[in-house]
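**Q** the sequence and its predicted three-dimensional model are supplied below.
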Amino acid sequence: MTNEELIALAAQEAEDAKKYRYCLDICTGTGCMSSCSDAIATAIEAEVRERGLQNEIKVKQVGCMGLCASGPILSVQPLGLLYREMTPEEGVAVLVSLLDEKPQVEKRIDTLQPFFSRQERNVLENTGVIDPERVNDYIAVGGYTALIKAITEMTSAEVVQEVLHSGLRGRGGAGYPTGLKWSTVAKVPGELKYVVCNADEGDPGAFMDRSVLESDPHRVLEGMAIAAFAVGASQGYVYVRAEYPLAIKRVKSAIKAAEKMGLIGQAICGTPFNFRVEVRLGAGAFVCGEETALLNSIEGNRGMPRLRPPYPAQSGLFGKPTLVNNVETFANIPGIINNGGAWFARIGTEKSKGTKVFALTGKITNTGLIEVPMGITLREIIYDIGGGIPNGRKFKAVQTGGPSGGCIPAEHLDTPVDYESLKNLGSMMGSGGMVVIDDSSNMIDMARFFMEFSMEESCGKCAPCRVGTVQLYNLLGKFQAGIATEEDLTTLEELCDLMRNTSLCGLGQAAPNPILSTLRYFRHEYLEKIQPSVAAPPEEAL
Amino acid sequence: MSPTTPLIKTFTIDGKPVSATEDETILDVARQNGIDIPTLCNLEGLTPTGQCRLCMVEIGGTNRMVPSCVAKPDEGMEIVTDSERLLKYRRMIVELLFSERNHICAVCVTNGHCELQAMAQRLGVDHIRYGYLHPRFRLDGSHPRYEVDHNRCILCGRCVRVCDEIEGAHTRDLRNRGIKTLVITDFDGRWGESATCTNCGKCVHVCPTGALAEKGKSVAEMAKQRHFLPYLVMRRKGLKK
Amino acid sequence: MLITNRKIAPPADDKRWKIVDVTMRKQGYSPTALIETLHTIQESFGHVSGEALEYVANSLNVPPSKVFGVATFYNLFNMIPLGEHVISLCTGTACYVKGAGEVVEFMREEYGLEMGQTTPDGKLSFVVARCVGACGLAPVMILDGKVVGRLSPDQMKTRIREWMSHDE
């Protein structure tokens, strides 16, 4: 497909859209789908047919609209109305009210509330707007123009430069500069290189990547194809966790559709650039989110991390130079290529550019998916966008970074959200899960919850993580039961220090963070559980 | 750089100036220079995996530590192999290994020949601060000549590697993960019934502890013979000395 | 002819093995197809049996111990068949914060099931999911493939009782 054909197709789509009076979009992401949102679409469609209004009313199944707490959500365009907690009958009622020219007021969501107005949507600009199963919908909103621009108007070095300029950093957690990663892979000589999309979103409490893949899969594919062009790769893999069946289905169908249009495959757009993509499924192992473990898993092995160096950029998948980026990182690429790196870098803080998608969950009023500019404070996210803590309870902490992150207490709510600030607080950006904890939760319980997770997900390769996680879990159990000693506290801290410094991979090194951060901010909760009267048990001999 | 003149890097280990070729690891160079870095999973002739973490060394001027069995030095690096901090970590790791399974030296066939025991003595580990996990494992004595006792296994992976890399049978691998990891034979079957095992006994002799042993040995009788390993590595590479 | 190229016959005359064969053929019987093949087996048979492991090992020329090692490394593959009904409880952070732990207790008390267990009569299996990514609906459970969310722990217990009694 050429640029002209793409523009013509987009124009045709726009023309087609004009003929409809109303377009009713129903969220069919995993969240709303579990409340049978597809049945709402079917019911409204049936009503439209019955009334013979197929040429006036369009019913569309779209991706996540963000406010998952109020799902299933129905959106009415071009009026810009949103309706919450819909059922098939209520969906039909909304349709009827529209036809009567008196759009229903009941169950309407206030679209001016901060949840919507404070967000800045780049990665999520199409989610909840386009039908993820129709490539034409993506093209209608300017999809694949960045890819065609990159391969027909730019050199691969220019593409890398643009990404470097943007200041984009890896959205998977560690925040490594994306442009730097790309330029390294580009420089390594090799006939065969790979581009891998890490969609093994294993952090419990995170669903950003799932939503992006479910709602706008072509955007990720386009980002991958641009990356492949930039680094000289010809084969791509999307490694998706098997727990995300809908995301898998939509990515697979997106690949097929893009191949059919000639946007992926041989001689793309008449250029010598070839790029094929396949999907590989995870099988329930958190450690596979670590990039070298992920590569082992794609190769059909136990998902154990590899030693670095060599880095995947030099010797990655099947020993070839490999670029591994996360879903959200790739999803940022089309915007950067279309609008330039400077456009991207205008948002954010000095070292953290652009916007970041977060999954806001736990004890918060507006649970859902949000995208905010870097540098926004935690307070703005939790109280303005998130709507605060429900049921009259008090905010206690927000957990970011999953099992590798930490709990941030109220006194640090005015911290700007960026990679460095969160790290300084003893937590981390992570992939974007934000779980709010209220005063009904106990921090030792939280720490032990994460330690149990790390213990069960440890691959077992290195001794500090394999045995250390178990010992830490058991020690926290003593604190929970109120039978801990002063010595246990020392042992706890020493073991955390050991794991952080000697574990083989990043997951083992970060596993003590939930304990360390709760010790830092909620130490009194640990001290309260120490029994000073209990004498230390006699030392056990070898 | 021309491929005929190998790049030589100079650096220091514990203050001593040393040099390394491009292929050599920090551990290789240390050994050449008579500096003894503790190791447990490492065995010359097998692919190093850096998993026991005992051979970690400090890079001077930074807070960083690297496993010396796999890490290659950079020009000008100042490597520290022995410090209070390293000793503390190494002790803790050995203690963790002791707490993981049931290591009772007094009744073990390799008592006196055991690398874990020697390591504990070398590092001055005289008690274990961590709670013993006391797992339960059944002894597999189904093989006519050898037996496996998982109570004494430290999951160093030497047996897995020697069987795959040297013998070429890949009879052994690991099952499950994390603390539930266990060395297995074929489809987790009994050793004596293995269809792939060649009964060569290499795994028994590379095992650092009493987990793999010859049958009929009594306490402290199982010394390991490893002279075959460098020889076989050389033969299989087609090299002659 | 190389012994590695010999054609391996499926363990039984079951159509589902043909689906497994298709997966392996698509990837040229490469050893790297191991995990994909295990996925197909799990999907087609509901579990990965000993004979399936043997068939895959032979077909893809992967050592038996490695096949077993890979199959047990990943949580998704189960070696024994699940019960007639499966309740899968999400134990991700958001679900945990909202009381999923109470349901774990409930399953133990009411049905005598620990996580990962099946009742002796093979009627009910209790499995846990690390996070199904529907955190907006927390706490979440999946009853025979249907996602049920946004209930309080007490409502969840009632729902499980109802769901179980419908079967009688």
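**A** Sure, I can see it.

**Q** from here on, contacts and neighbour counts on C-alpha atoms
**A** Fine.

**Q** find the closest residue to chain B in chain A.
**A** For chain A and chain B, the shortest gap (Cα to the nearest Cα) falls at A:Gly460, measuring 3.7 Å.

**Q** so that residue touches B:Gly178, yeah?
**A** Yes: at 3.7 Å, A:Gly460 counts as touching B:Gly178 under the criterion of Cα atoms under 8 Å.

**Q** residues that sit against both of the two, list them.
**A** A:Arg466 (Cα atoms under 8 Å, 6 or more residues apart in numbering or on different chains).

**Q** neighbours around whatever residue of chain B ends up closest to chain A, how many?
**A** Distances between chain B and chain A by Cα to the nearest Cα are smallest at B:Gly178, namely 3.7 Å. Neighbour count for B:Gly178, taken as other Cα atoms under 10 Å in any protein chain shown: 23.

**Q** what residues are up against it?
**A** By Cα under 8 Å, 6+ apart, the neighbours of B:Gly178 are A:Met455, A:Glu456, A:Glu457, A:Ser458, A:Cys459, A:Gly460, A:Lys461, A:Arg466, A:Val467.

**Q** kindly supply the ChimeraX command isolating those of those that are buried.
**A** To isolate the buried members of those in ChimeraX, using 16 or more other Cα atoms under 10 Å in any protein chain shown:
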select /A:455,456,457,458,459,460,461,466,467
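
**Q** helices of chain C, residue ranges please.
**A** Counting by DSSP state H, chain C has helices at residues C:15-26, C:34-45, C:50-60, C:64-73, C:93-97, C:100-111, C:153-165.

**Q** looking at these, which is buried most?
**A** helix C:93-97 (a mean of 27; mean count of other Cα atoms under 10 Å in any protein chain shown).

**Q** ok, residues contacting that one?
**A** A:204-205, A:361-363, A:402, A:435, A:437, A:441, C:131, C:135, C:138-140.

**Q** who does the helix or strand bottoming out on mean pLDDT in chain C pair up with?
**A** One helix or strand of chain C scores below all others by mean pLDDT, DSSP states H and E: strand C:146-148, with a mean of 86. Strand pairing for strand C:146-148, using DSSP bridges, gives strand C:141-143 (antiparallel).

**Q** on that earlier part again, B:Val162 versus the residue of chain A closest to chain B, what's the distance?
**A** Distance of A:Gly460 to B:Val162, given as Cα to Cα, to the nearest Å: 19 Å.

**Q** which ones are touching residue 77?
**A** All of this is about chain A. Per Cα under 8 Å, 6+ apart, neighbours of A:Gln77: A:Tyr22, A:Cys23, A:Leu24, A:Asp25.

**Q** the chain in question should be chain C.
**A** Contacts of C:Phe77 by Cα under 8 Å, 6+ apart are A:Ala283, C:Leu38, C:His39, C:Gln42, C:His47, C:Val48, C:Ala71.

**Q** per-residue pLDDT, it?
**A** C:Phe77 is assigned a pLDDT of 94 by the prediction.

**Q** picking that back up, nearest to A:Lys394 among the contacts of B:Gly178?
**A** A:Met455 (30.6 Å; Cα to Cα).

**Q** does any part of the helix or strand where the closest one lies sit near chain B?
**A** For A:Met455, the element it lies in under DSSP states H and E is helix A:443-457. Yes: shown here: helix A:443-457 in contact with chain B (Cα under 8 Å from any Cα of the partner chain) through A:Met455, A:Glu456, A:Glu457.

**Q** and the angle from that helix to helix C:64-73?
**A** 160 degrees (axes from the mean of the first three to the mean of the last three Cα atoms, to 10 degrees).

**Q** next up, the contacts around the most centrally placed residue in chain B.
**A** Centroid-nearest residue in chain B: B:Cys41, 1.8 Å away (criterion: Cα atoms, centre = their mean). Contact partners of B:Cys41, counting by Cα under 8 Å, 6+ apart, are B:Pro48, B:Thr49, B:Gly50, B:Gln51, B:Cys52, B:Cys156, B:Gly157, B:Arg158.

**Q** now these in CSV, with distance to B:Leu116?
**A** Shown next, in CSV, are the contacts of B:Cys41 (distance: Cα to Cα, whole Å):
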residue, distance to B:Leu116
B:Pro48, 18
B:Thr49, 18
B:Gly50, 16
B:Gln51, 15
B:Cys52, 11
B:Cys156, 11
B:Gly157, 14
B:Arg158, 14
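
**Q** show me what counts as buried in the longest helix along chain B.
**A** Longest helix in chain B by number of residues (criterion: DSSP H): helix B:84-100. In terms of neighbour count (16+ other Cα under 10 Å), helix B:84-100 has its buried residues at B:86, B:89-100.

**Q** next, the contact list for the closest residue to C:Leu113 other than its chain neighbours, please.
**A** Spatial nearest neighbour of C:Leu113, excluding adjacent residues (Cα to Cα, 6 or more residues apart in numbering or on different chains): C:Met107 at 5.6 Å. Applying Cα under 8 Å, 6+ apart, we find C:Met107 in contact with C:Leu113, C:Glu114, C:Phe126.

**Q** equivalent analysis for A:Ala285, please.
**A** A:Gly202, A:Gly303, A:Glu457, C:Phe73, C:Tyr74, C:Asn75.

**Q** try it again at 7 Å.
**A** A:Glu457, C:Tyr74, C:Asn75 (Cα atoms under 7 Å, 6 or more residues apart in numbering or on different chains).

**Q** could you do C:Phe126 as well?
**A** C:Phe126 neighbours (Cα under 7 Å, 6+ apart): C:Val86, C:Ile87, C:Ser88, C:Leu113, C:Met115, C:Gly116, C:Gln117, C:Thr118.

**Q** could you list the low-pLDDT ranges of chain B?
**A** B:1-6, B:239-241 (pLDDT under 70).

**Q** run the last query once more with 80
**A** B:1-6, B:238-241 (pLDDT under 80).

**Q** for the residue nearest to C:Leu113, give me the pLDDT.
**A** 94.

**Q** quickly note the distance from it to C:Leu137.
**A** In terms of Cα to Cα, C:Met107 sits 21 Å off from C:Leu137.

**Q** cool, A:Pro514 as well?
**A** Distance from A:Pro514 to C:Leu137, by Cα to Cα: 24 Å.

**Q** go on, A:Asn332?
**A** In terms of Cα to Cα, A:Asn332 sits 27 Å off from C:Leu137.

**Q** is chain B contacted by the biggest helix by length in chain A?
**A** Ranked by residue count, the top helix of chain A under DSSP H comes out as helix A:463-481. Yes: contact of helix A:463-481 with chain B (Cα under 7 Å from any Cα of the partner chain) involves A:Ala463, A:Pro464, A:Arg466, A:Val467, A:Gly468, A:Gln471.

**Q** and stretch A:138-154, what's buried?
**A** Buried, per 16+ other Cα under 10 Å, within stretch A:138-154: A:138-141, A:143-152.

**Q** please narrow these to those residing in strands.
**A** Among the buried residues of stretch A:138-154, no member falls in strands (criterion: DSSP state E).

**Q** who in chain A is up against chain C?
**A** Applying Cα under 7 Å from any Cα, one finds that chain A approaches chain C through A:30-31, A:34, A:68-69, A:204-207, A:243, A:283-285, A:299-302, A:361-362, A:367-368, A:435.
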